[in-house]
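Colleague: I'd like to go over a predicted model; first the sequence, then the structure.
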Amino acid sequence: MILFATSDKGGTGRSVTSCNVALRCALQGSDVCYLDFDFGSPTAGAILHVDSATRGITGGRGLHSYLEGSVAAPAELDLWRHIERAELRPRPAGAGRLVLLPGDEGGGEFPTDDEMTDRCQRLLRRLAEEFELVIVDLSAGRSYALQLVLEVTARPALQAVVTRWLVFHRWTRQHIVAAAGLAYGEHGIVDTGAAKGHHRDRLHDSVRFVRTAVPDPDSSQFAGLLPTQAAWLQETDAELQKLAARRRIGRSVLLGSVPLDPVLQWREQLILDSDVWTLRIANPETSTALDDLAKNVLDDESWEGL
Amino acid sequence: MEVVVGETSATDRTVEIPLSHLSVELGHLYMEELVDGSVDLPAYFGRIATWTGPDQLADLARVPRSRLRASTCVLVDDYAAAPLGPDVVVPRLIAAARCAGLTIDYIARESGCAAPMDGAAALAGPRPAASLADLVEGLIVADPAAGFNGNRPPVHENGWLCNGVRSPAGGARQAMRAPVAWQPPVENRAHRHSIFLDVEIWREQGAGRRWSCPFLATVWQLLRLGQLRVLGRPAATPVGIDPDDLPATWAQFPTIAQLPGHAAPFTAYRTLSVLDGRFLPVEHAVRMTLGQVAVDPIVAEQTLRRAGRENVPLPAELPDRVGHVFLGG
Amino acid sequence: MADERAEGAIPPAGVAHDGSRVLVGEVRTGLLAQSRALTEPEATAVVALRPGSQVRVSARPVPHCVSPDLTLGVHCPVPSASGARRDGLGTVLSRASVTSGRLVQASTHVRIVLGGARPAGRRRPWAYHLAHPGTIEVGGRLSADDLADGFLLTETGDGPGTTLDLGAVCGRLLDQVQESPILDQKPPFRARRTRFRFALLPCGHPAVGESAWSSGSAAADTTSGRSPASGHVCRIGFVVADETVRTLRIHGSGLDLVSIVGLCEDLALHDWLLTTVQHVVAGSRVRAGGGGRLPSQLTPVIDHLLHVWMPGARIGEELLPVWTGLEQRLGFSRQWESLVGWIRDQLALSLLASLGDGAR
């Protein structure tokens, strides 16, 4: 399966959540690879604690170089060897492969051409052959990267490969409207995809949403709220639920919901069990939410047609 | 104990075909010239005859005259348009050649090189070639420019083949970048200076491909050199025709027709084409293209080995097996 | 054009000039992107990569279809461990194959002729190189070991850089086969591709310029590969470079190059089988012991891979010692047997467990 992670706006925690999903899926035994297609800002290495690739890699072997045609294959970093977190080294027993394809340091956005599209198609098809889960982290919004992968996945060579879309959005009015627009709106994923030859309904059915930084009124975090504050929180949440349903991004297409957690927000890094239980800096709810999201990503049932 | 195991399907079956020493092409005319009668055919063949005497041919074939096996042929230009059918053109050519003392052994039609293959060659196979032209296009191995190390797919400008590096395309690709300054094209094998040649192989036209005249002429040379096979069998073989019973359209005419008589084999170690000087650019393109065609190594080896057995000197490189005489106006 | 013939003698097909020759190549192996095993006609169609050319098919001991050789022209420096930049010009040959309707391989090889008589300068006509397919001629001095080390030891292939990149050629071909519209893109499980790089050098490090093959056998070592000369292997070195990269260095004389490529393809295939089954078994060992249930990852391995193990089946007499040698030192088959044994045990346990369930 190729999973495209996207968001309309920046700051949704798309990359950090996707990286955490990748890690969890690999720990559960799947072979996973993670492609940093956030060409304007290739920082997946930083999220994944790979010191040699915090802002992309040097040496001209990253995804930028590959797509531009200067190398025949992009660098693949085996994360079990590169993650600088003692808990994850050596490779945990039973874990699948976890590989990062970083961008180039100093790489930027670029317009696409036919040859680049060919190369992108080749790469994605090959990775889908070698890995159970291929996560492609796209830039926010209607980017070249989004256009490129919509083009590529419409091609015959990739049509047979299972491709799915995750739209990340924060749990706010503006983010809900923006996410629905990116998925279903004018020049959105479904619109653009259909114009490029995708089967409209099938593409529509392959989009799911992830809510991030969601305040949970029942959590201990908000235990000290005044009754008026608590009531307001409940009310706002209910309104947002209604709005999401109206915009067709309600519960039926919800794949996961990640609570507001300062560790995710500020550190933007992997959340490990030690962060929750030993260091006690991350909330157990966050870890559970990420586990659930990872489980749903791999569970075909959560992707069944609506 | 030695155990020898063989599976017939695992070994290549590549058929050897009969070969003359020389295949002589007796001129080439555009269809319009046959239609409007602007060419004095007997005089035309007369001029060709002076260059195709037995001594000259034996010399070109590098064999003694007593041993020479040579066949003659003409390619009819019917691909673009064919207002006249074989029933008109063929007798006219035979008669005019006879006036000049020449015998035409084989008449082929250019459209046959681009048409769906007939006979044994049409044998399906897992990946049939749509036409002789498709077959030959699949054999092109482009002459690499300096620096080509295999890490990218070979450059294919759609439908064009050249002998070097093209001039970079003008205009800036990305915004905010300075336009590229003009640079000359370079011939890969330049001898101090370049003679750069870029040849159109085909172009998309309507539903399908329109093959270029130089490319079909390359296919024609390869047919005469006996180097084309489909699944190991000859890609085209001459079919006998009766000059008194000719069809009215070229589609009904064989790709290569054999006229009655005791002709030497159509295919040959070497070819000679005696042509008007105006065909020089076409034949330059043919030589360049031939130089980038990699035929089945088994066929290439069969031919060389056989030439060795017959004591016929034969260059391994295809362009060197092709000879031309260009006539002035 | 007359100057081109100035060399006079026309070399017989397959014979290059004097000078050391090194065969280098790479094989990439993967699982075919298809949910079930391909039938022979399907497999034939998948590797029918050029119109009108034959696909070689053999049915024993396992079904095996090989594409026609594809030729690619290159003009670039050849690998060198010392960093010497020696330009080579010629063609590399590639072919793709499907084994047992399940496994797919692409292999690219070239015979590099060092210290050719021709001085650097004007190129030969391209047609000359096409008449000697699968050969690159290198101008200037370069030792066979320097070349082989450069090819086997340094991180070559797929990278930036300007030297000959056989890996990229090979990888593209494998991609091309896997993209065939005949395939449903739904492999029964995911498996990593492996890369197998090999070099064949003359016996006993002959000095530069010394002929590696006697002229008699040189005439036979053409790409068509008939009349294999009686040759022998002096030494082999097999290295597992990392999880997916293996290298093999063979020193030998009088060997038929086409058979060497076949040997390497066979080794690469079996190495891939070992690597892949090992990965699956390692993953399921951790999860085994769940009430005698067969770990789910094992099913596709049992269905699709266990019967493909046929070491040395397509290898000529003179190369069998290579297999035997590797078997003795590395115990390919012993390791395979042990993996297969473990899988069979799991299968037996799961059968017993299900019988027990039925009895209750």
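Modeller: Done, it's in.
Colleague: now do the strands in the stretch 101-250 of chain A.
Modeller: Listed in chain order, the strands of the stretch 101-250 of chain A (DSSP state E, counting those that start in this stretch) span A:133-138, A:163-170, A:207-214.
Colleague: neighbours of residue A:197, how many?
Modeller: 13 (other CB atoms under 10 Å in any protein chain shown). All C-beta spots, glycine's among them, are computed from the backbone N, C-alpha and C.
Colleague: that one is in contact with residue A:152, isn't it?
Modeller: No: Residue A:197 lies out of contact with residue A:152 (CB atoms under 8 Å); the separation is 10.9 Å.
Colleague: circling back: point out the most buried one among the strands of the stretch 101-250 of chain A.
Modeller: Mean neighbour counts were compared across the strands of the stretch 101-250 of chain A using mean count of other CB atoms under 10 Å in any protein chain shown; the top stretch is strand A:133-138, at a mean of 27.
Colleague: now the angle from it to strand A:163-170?
Modeller: 50 degrees (axes from the mean of the first three to the mean of the last three CA atoms, to 10 degrees).
Colleague: strands paired with strand A:133-138, and their directions?
Modeller: strand A:2-7 (parallel), strand A:32-37 (parallel) (DSSP bridges).
Colleague: now these as CSV including mean pLDDT?
Modeller: Below are the strands paired with strand A:133-138 laid out as CSV (pLDDT from 0 to 100):
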stretch, mean pLDDT
strand A:2-7, 96
strand A:32-37, 96
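Colleague: which one of the ones you listed lies closest to residue C:52?
Modeller: For residue C:52, the closest of the strands paired with strand A:133-138 is strand A:2-7, at 36.0 Å, according to CB to CB.
Colleague: and the next helix or strand past that closest one?
Modeller: helix A:14-27 (DSSP states H and E).
Colleague: how many neighbouring residues does residue 35 have?
Modeller: All of this refers to chain A. Applying other CB under 10 Å, we find 28 residues neighbouring residue A:35.
Colleague: wait, I meant chain C there
Modeller: 13.
Colleague: ok so it is a helix residue?
Modeller: No: going by DSSP: H, G, I helix; E, B strand; the rest coil, the assignment for residue C:35 is coil, not a helix.
Colleague: tell me the strands beside the longest strand seen in chain C, with direction?
Modeller: Counting residues, the longest strand found in chain C (DSSP state E) is strand C:87-99. Strand pairing for strand C:87-99, using DSSP bridges, gives strand C:64-66 (antiparallel), strand C:70-77 (antiparallel), strand C:103-113 (antiparallel), strand C:135-138 (antiparallel).
Colleague: returning to what we had before: could you dump the strands of the stretch 101-250 of chain A to JSON lines with mean pLDDT?
Modeller: Formatted as JSON lines, the strands of the stretch 101-250 of chain A follow (pLDDT from 0 to 100):
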{"stretch": "strand A:133-138", "mean pLDDT": "97"}
{"stretch": "strand A:163-170", "mean pLDDT": "96"}
{"stretch": "strand A:207-214", "mean pLDDT": "94"}
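Colleague: export those strands to JSON lines and tack on distance to residue C:101?
Modeller: Converted to JSON lines, these look like this (distance: least, CB to CB, whole Å):
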{"stretch": "strand A:133-138", "distance to residue C:101": "25"}
{"stretch": "strand A:163-170", "distance to residue C:101": "26"}
{"stretch": "strand A:207-214", "distance to residue C:101": "36"}
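Colleague: residue A:50: which of the strands paired with strand C:87-99 is closest?
Modeller: Counting by CB to CB, residue A:50 lies closest to strand C:103-113 out of those; the figure is 30.6 Å.
Colleague: now that closest one, how far from the chain's geometric center?
Modeller: 6 Å (CA atoms, centre = their mean, to the nearest Å).
Colleague: that one: what's the following helix or strand?
Modeller: Counting by DSSP H and E, the next helix or strand C-terminal to strand C:103-113 is helix C:126-130.
Colleague: just the mean pLDDT for that following helix, thanks.
Modeller: Regarding helix C:126-130, the rounded mean pLDDT is 96.
Colleague: and stretch C:98-107, by the same measure?
Modeller: Stretch C:98-107 comes out at a mean pLDDT of 96.
Colleague: and it, end to end?
Modeller: Using CA to CA, to the nearest Å, the end-to-end distance of stretch C:98-107 comes to 12 Å.
Colleague: quick check: mean pLDDT across the host helix or strand of residue C:341?
Modeller: Residue C:341 is part of helix C:332-359, with elements assigned from DSSP H and E. For helix C:332-359, mean pLDDT is 85.
Colleague: need the residues of the stretch 1-150 of chain A near chain B, please.
Modeller: Counting by CB under 8 Å from any CB of the partner chain, the stretch 1-150 of chain A comes close to chain B at A:69, A:71, A:72, A:110, A:111.
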